[in-house]
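Asker: pasted the sequence and its predicted model underneath.
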Amino acid sequence: MLHLSDDQVRTLLPAPARAVELMHETLLALADGSASVTPKSQVVHEEGGFANAMPATWPERGLLGIKWVTITPSNLEQGQEMIDGLMVLSGPDGSTRATMDAAELTALRTAAVTGASLALDDRPVTFLGTGVQARSHARVIEALGRGPLTVWGRRAEALEELTAWCAEHTPTLDLRTTTDRTEALTGAGVVISGLPIGLTDTALSPGDVAPDATLLPLDYASVVAAEIARTGTLVADDPEQFEALRPVKLGEDYPRATGATGDLLRQGRPEGLVIAQNLGSGLGDVVLADAVVRAAEA
């Protein structure tokens, strides 16, 4: 049986622009029901730690798989990674085609879903946060020719590290950085938020962004909290999963999604504020894992 490490997965993943195309197709499949995906199943294995199982299938394409992700905060005290994951890809007959480490896969899938969602709005993009997703999103935004990209972070040192990384890995991207969030949001049509989940002092107020902005949160309600979500059209990559997670991860008072991101990609963007929640559907992981295995077998 084939097993691929993260280093191998990194070299076999599709180019960012192709990954965006695949995630566009995935969002449409989630919207029209041609794929079967269940909400993340979660178990708690230590205080503050949990594990998610994310199965998905797309029968028309012969795709079947599951991602297993563990969050173990106590690992940080031991100098180990807090997040780990394994992708298992099966064939149409149920046999295991391959397994692979999931970190590189997840990073690209998350950013590529954002990339597909950018088809809704061609205005300037601001990213809130300086973590791993800032880098993976820089790759995608460069590939789509969507610069300039403005990145906000609280620490100047983190922004300097990101700037140095982008100079090497995304040299054609027009990157602008600031520690002033108001400056970062001024003139932004699209705001992507990738801050730690669960923060309570980073929420946007309706007056912080343009009244017709497109908000693409990766961090549940850390930035796009209930107050601003109630003022716009709210969709999610996977509405069924969103509703299952909404009371626990976003709060009982958080509004329900009115549809899927794929619906807007097919029908067009409505007027006013739009929020498209990127929860991370297992279907996207399965689709990218299939592309990785095909590349490995070529």
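Answerer: That came in fine, so what should we check first?
Asker: how is the protein divided into domains?
Answerer: Per automatic domain parsing, the structural domains of the chain span 2-105+283-297, 118-281.
Asker: how far is the last one from where the chain is centred?
Answerer: Right, domain 118-281. 9 Å (CA atoms, centre = their mean, to the nearest Å).
Asker: going forward, the N-terminal residue is numbered 37.
Answerer: All set: I'll call the first residue 37, so the last point we hit is now domain 154-317.
Asker: and the end-to-end length of that domain?
Answerer: 17 Å (CA to CA, to the nearest Å).
Asker: cool, stretch 182-190 as well?
Answerer: For stretch 182-190, the separation between the terminal residues is 24 Å (CA to CA).
Asker: wasn't Asn88 part of a helix?
Answerer: No - secondary structure of Asn88 (DSSP: H, G, I helix; E, B strand; the rest coil): strand, not part of a helix.
Asker: pull up the per-residue confidence for it.
Answerer: Model confidence at Asn88, given as pLDDT, is 89.
Asker: so how far is Gly318 from it?
Answerer: Computed as CB to CB, to the nearest Å, the Asn88 to Gly318 distance reads 9 Å. Yep, even glycine has a C-beta here, placed from its N, CA and C like the rest.
Asker: so between those two, which is more surrounded?
Answerer: Neighbours per residue (other CB atoms under 10 Å) separate Asn88 from Gly318, with Gly318 holding more: 27 against 17.
Asker: show me what contacts the more buried one?
Answerer: 73, 76, 90-92, 101-103 (CB atoms under 8 Å, 6 or more residues apart in numbering).
Asker: just checking: the least confident one among the residues you listed is which?
Answerer: Confidence by pLDDT is poorest for Lys76 among the contacts of Gly318, given 84.
Asker: related to what we said a few turns ago, what's the overlap in contacts for Asn88 and Gly318?
Answerer: With CB under 8 Å, 6+ apart, Asn88 and Gly318 have common neighbours 76, 103.
Asker: per-residue pLDDT, Asp210?
Answerer: In this model, Asp210 is scored at 97, pLDDT.
Asker: cool, Arg305 as well?
Answerer: Listed pLDDT for Arg305 reads 97.
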